[in-house]
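[1] build me a model:
(one chain, ligands or ions: 1)
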Amino acid sequence: MADGKVGTNLTRHIYQKQMEHPEATGELTGILNQVAFAAKIVSREVNKAGLVEILGLTGMENVQGEEVQKLDDFANEVFINILGKSGHFCIIATEEEAEAITVPEGYKRGNYSIALDPLDGSSNIDFNIAIGTIFSVHRRVTEDEGEGEQDLMQPGRKIIAAGYVLYGSSTMLVVSTGDGVHGFTLDPSVGEFLQSHTDIQIPDKGNIYSINEGNYPYWTTGVRKYIDFLKEKDKASGRPYSGRYIGSMVADMHRTLLKGGIFMYPADKKDPKKPGGKLRLLYECAPFAFLVAHAGGAASTGTGPVLDVVPEDLHQRVPFFAGSKHDVSQVEWFVGKYDEDKE
Ligand code: P6P
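    The predicted structure follows:
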């Protein structure tokens with residue numbers, strides 16, 4: 001029998017956090033509520049994608065040279081329209097747009113910038129595998145009316161809020177404003193994100209590794225030796241590890257946040273155009289590095305913290321190793337010891 005108790009929802013959670021920080025302007029509350037609003041709209045379309053024939057390709061390509069699925073387009077437009085007109089942002093970058101987008105004429109330019117992947121893992125849409133939205137918020141650094149890419153091109157250390165939406169068996173919003181990592185599950189019957197996870201903490205050591213082993217021949221020596229090491233039997237250390245790879249970063253990283261272990265997308269020699277691996281710094285690796293750090297884990301390029309990388313290009317790619325501190329430091333050891341060709 002329902003006891004009538006309603007847990008904290010996203011709005012109340014953010015408001016409570018804001019009350020704990022009187023210096024807060026309340027803008028973060030507005031920003032996260034706007035992200036949640038856009039996520040609800042995208043969630044509705046993702047959940048009925050299989051029914052309304054929205055699947056299939058638009059036949060266009062995005063800046064990554066990837067065929068754009070209709071849901072990609074839809075999610076991109078929803079987030080740009082809602083966030084662009086919210087009055088909180090001066091500039092927006094998304095995976096689907098080659099250039100950063102400024103606020104439409106007639107709408108207030110805000111004090112923040114946001115970089116987002118509107119629908120990551122979109123190649124999985126047709127197979128009903130979980131996909132997601134990833135976002136990262138910075139304070140603007142330019143003067144009024146002077147917004148530019150430099151408001152976006154800040155290192156992850158300067159992120160003030162980041163999170164993701166996981167469109168899976170349920171729709172979850174996981175977010176941090178630097179004070180713990182918290183999860184909210186959408187209750188479609190009331191249209192509210194209700195708090196389901198408080199202060200997520202990654203175990204110091206895991207027993208799951210997550211990587212696309214089809215790229216094994218293209219990895220550096222250090223990465224290959226690390227993966228071989230994880231497969232050696234050793235009862236004392238809990239090896240061999242279990243392999244889990246969904247091929248959708250949000251789903252793989254959500255599991256890593258909750259269960260520990262390590263998710264990896266190393267640099268590989270498969271595509272000369274992508275020497276830094278496949279994942280993008282601004283709206284995939286840096287936001288997850290921020291979340292992992294606030295959940296007690298670590299995120300590395302293999303040779304240093306992802307949060308310290310200063311972006312040089314909106315769509316820059318970096319090698320990415322993230323999860324339990326013990327596991328990330330172990331892969332860094334192998335890279336340090338064996339990768340003569342490390343950057
Ligand atoms: P691969 C999805 O396209 C994505 O950007 C991430 O969500 C995912 O982790 C990665 O690519 C999967 O790439 O090369 O293993 O298929």
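
[2] what is the neighbour count of Gly146?
    For Gly146, the neighbour count with other Cβ atoms under 10 Å is 12. To be clear about C-beta, it is placed using only N, CA and C from the backbone, and glycine gets the same treatment.

[3] can you tell me the element Cys90 falls in?
    Using DSSP states H and E, Cys90 maps to strand 89-94.

[4] just the mean pLDDT for whatever helix or strand comes next after that strand, thanks.
    On the C-terminal side of strand 89-94, the nearest following helix or strand under DSSP H and E is strand 101-102. Here strand 101-102 scores 92 as its mean pLDDT.

[5] other SSEs contacting strand 101-102?
    On a contact count with 3 or more Cβ pairs under 8 Å, 6 or more residues apart in numbering; DSSP states H and E, strand 101-102 meets strand 89-94.

[6] ok, 6 Å please
    Using 3 or more Cβ pairs under 6 Å, 6 or more residues apart in numbering; DSSP states H and E as the contact test, no helix or strand touches strand 101-102.

[7] residues in contact with the following helix or strand past it?
    The element immediately downstream of strand 101-102 (helix or strand, assigned by DSSP H and E) is strand 112-120. Contacts with strand 112-120, where a contact means Cβ atoms under 6 Å, 6 or more residues apart in numbering, come from 71-72, 75-76, 79, 83, 88-89, 91-95, 131-140, 151-152, 249-250, 282-284.

[8] is strand 112-120 in proximity to the ligand?
    Yes. Looking at strand 112-120 against the ligand by Cβ under 6 Å from any ligand atom, the contacts come from Asp120.

[9] now the next helix-or-strand element following that strand: buried residues?
    Note on strand 112-120: by DSSP H and E, the next helix or strand toward the C-terminus is strand 131-139. In terms of neighbour count (16 or more other Cβ atoms under 10 Å), strand 131-139 has its buried residues at Ile131, Gly132, Thr133, Ile134, Phe135, Ser136, Val137, His138.

[10] so how far is strand 131-139 from its chain's centroid?
    On the basis of Cα atoms, centre = their mean, to the nearest Å, strand 131-139 sits 6 Å off its chain's mean C-alpha point.

[11] partners of that strand in the sheet?
    Taking DSSP bridges as the criterion, strand 131-139 sits next to strand 112-120 (antiparallel), strand 161-167 (antiparallel) in its sheet.

[12] let's see it as PDB, backbone CA atoms only.
    Below are the C-alpha coordinates for strand 131-139, written out as PDB (Å, rounded to 0.1, in the frame of the first residue of the first chain):
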ATOM      1  CA  ILE A 131      21.600   5.300 -25.100                       C
ATOM      2  CA  GLY A 132      22.200   8.700 -23.400                       C
ATOM      3  CA  THR A 133      22.700  12.400 -23.200                       C
ATOM      4  CA  ILE A 134      25.900  13.800 -21.700                       C
ATOM      5  CA  PHE A 135      26.400  17.400 -20.600                       C
ATOM      6  CA  SER A 136      29.000  19.700 -19.000                       C
ATOM      7  CA  VAL A 137      28.500  23.200 -17.700                       C
ATOM      8  CA  HIS A 138      31.100  26.000 -17.300                       C
ATOM      9  CA  ARG A 139      30.900  29.600 -16.100                       C
END
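
[13] Gln316 contacts Leu281, doesn't it?
    Yes. Between Gln316 and Leu281 a contact is recorded at 4.7 Å, counting by Cβ atoms under 6 Å.
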